[in-house]
Each structure stands twice: as C-alpha cells, then as structure tokens.
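Student: Predicted coordinates and the sequence they were generated for:
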Amino acid sequence: MKKMIGKVSKVFIPAVISLFFFSSMASAHVTVAPKTSATGAWETYTLKVPVEKDIATTKVTVKAPEGVEVMSYQPVPGWTYTSEKDAAGKVKTFTFEATGEGILPGQFQQFVFVAKNPDKAAKASWDAFQYYKDGSIVEWTGEEGSDSPHSVTDIVTSTSSDHHDTATTEHAEKTDKAQTTEAEKEDETSDSLPLILSGAAALLSLVALVLAFRKK
C-alpha cells in the first residue's frame, strides 16, 4: 500500500506542480478590461501588466485599436505617460514608462484610461509591447490561443431599451403619484363635504331661530 501511495505521489505531485506553473504562466498576460463594451460609449478601460520574468518591467506601449479614440488617462505615481498621434490628432499609441524600478517580479500594475468606442460593432484588439529592464520585449500581438495573445474587447451594438424602460417606469411612477394625489384630494373633498353642509344647516337654523325671536 505504501509503495502504491509513493508511486502515485511521484506522478501526481509533479503533475499538479506543472499544471499550476503553466496556468500561472497563462494568466500572466497583459490584458485590457472590460472584455465587452457598447458602441459609441465613453469607456473606462484598465490595462493590467503582470511580470512573468525574474526581472522588472519598466515600460509598456499599447496600440490603440482602429476606431477607438483614447481621450485621457489616470496618472500613476512613479510612471510617466506619453502618446503618439496621427495627422488628425488621434492617439495611435500610448506608453507608460517607469521613473523608478518599475514592476518587480511577482507584482502587477494597473493603468486606467478613458476611450471612446467606435459607433459600429467591432472586435477591438489591444496590441501591447512589454519592456523589461534587461532590454527584452514581449509582444502581446498574437491571436487568441497563441503564446502571446493580444487582449480583445468585444464592442457590441448598444440599445436604448434599458433607458426607455427606465423612462417608462419613471413616467408610470409619476402618473401613479399624480393620480394618487388627485384621488386623495377627492377623498378629502368628499370627507369634508358633509361637514360643510352640516355647518351651513346649523348656521341657517341659528339665523331662523334669531328671526323667530325677533318676530315675537
């Protein structure tokens, strides 16, 4: 029994370690989130840069997908931002570069930027170039499933149904409130009407009584 356990351990443990190692490597990609966004939207994107080597990452350059207009970025302490623009003034590529030691092994850094999505549905591919301190470059420009895939955002056609539903609901709520208020006013009028009539009758009785005493 012990020999069997030993044999299983010799096969099972290395397999688990290898699986963990390769899954860790697979998850160490440069990515851009979210993975899905709407056409024409002003989206807040997050660029995540992990370190998969034993040396620091000091720079990352991203190529803006066709039709996506990069508008602004969130400053990150210890990093500078530069961009290259085309003749029309639109950002072609943008770069975050470390002023210090950069992203150390076992760490990752997130960079946030805002971009306007294209008006038509498309697959936005984010080609990224990760620079290491030793001068090596990892090009995240391959197709999905490759060793160094680029991140892809699915730009889907937006609909106004949600906004329409919201507006319809708000209108219905306002209508219900108005109808409720009017009903409450009618109820108040109905409740006060008998009191008014009773008061008027009492007043007329008093006037008749006074006139009757005067006649006497």
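Tutor: That came through, no problem.
Student: Okay, now the unreliable bits of this structure?
Tutor: 1-27, 160-216 (pLDDT under 70).
Student: Can you spell out the domain ranges of it, please?
Tutor: 29-158, 159-216 (automatic domain parsing).
Student: I'd say residue 35 and residue 153 touch.
Tutor: Yes. Counting by C-beta atoms under 8 Å, residue 153 is a contact partner of residue 35 at 6.0 Å. Every C-beta, even on glycine, is put in place using the N, C-alpha and C of the backbone.
Student: which SSE is residue 113 in?
Tutor: strand 108-116 (DSSP states H and E).
Student: Buried residues of that strand, list them for me.
Tutor: Neighbour counts using 16 or more other C-beta atoms under 10 Å place 109, 111, 113, 115 of strand 108-116 among the buried residues.
Student: Could you identify the helix or strand that succeeds the longest strand anywhere in the chain?
Tutor: Ranked by residue count and defined by DSSP state E, the top strand of the chain is strand 122-132. Toward the C-terminus, strand 122-132 is succeeded by strand 137-140 as the next helix or strand (DSSP H and E).
Student: partners of that next one in the sheet?
Tutor: Under the criterion DSSP bridges, strand 137-140 sits next to strand 122-132 (antiparallel) in its sheet.
Student: buried sites along the strand it pairs with?
Tutor: 122, 124, 125, 126, 127, 128, 129, 130, 131, 132.
Student: swap in stretch 43-50?
Tutor: For stretch 43-50, by 16+ other C-beta under 10 Å, it's 43, 45, 47, 49, 50.
Student: Save the residues you listed as JSON lines, and put in distance to residue 137 and secondary structure too.
Tutor: Formatted as JSON lines, these follow (distance: C-beta to C-beta, whole Å; DSSP: H, G, I helix; E, B strand; the rest coil):
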{"residue": "43", "distance to residue 137": "27", "secondary structure": "strand"}
{"residue": "45", "distance to residue 137": "22", "secondary structure": "strand"}
{"residue": "47", "distance to residue 137": "16", "secondary structure": "strand"}
{"residue": "49", "distance to residue 137": "13", "secondary structure": "strand"}
{"residue": "50", "distance to residue 137": "16", "secondary structure": "strand"}
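Student: follow-up on the earlier one: angle of the longest strand of the chain against strand 108-116?
Tutor: 140 degrees (axes from the mean of the first three to the mean of the last three C-alpha atoms, to 10 degrees).
Student: got the contact list for strand 122-132?
Tutor: 30, 32, 47, 49, 53, 55-63, 65-68, 117-118, 137-141, 150-155 (C-beta atoms under 8 Å, 6 or more residues apart in numbering).
Student: If anything else comes up later, I'll come back, but that's it for now.
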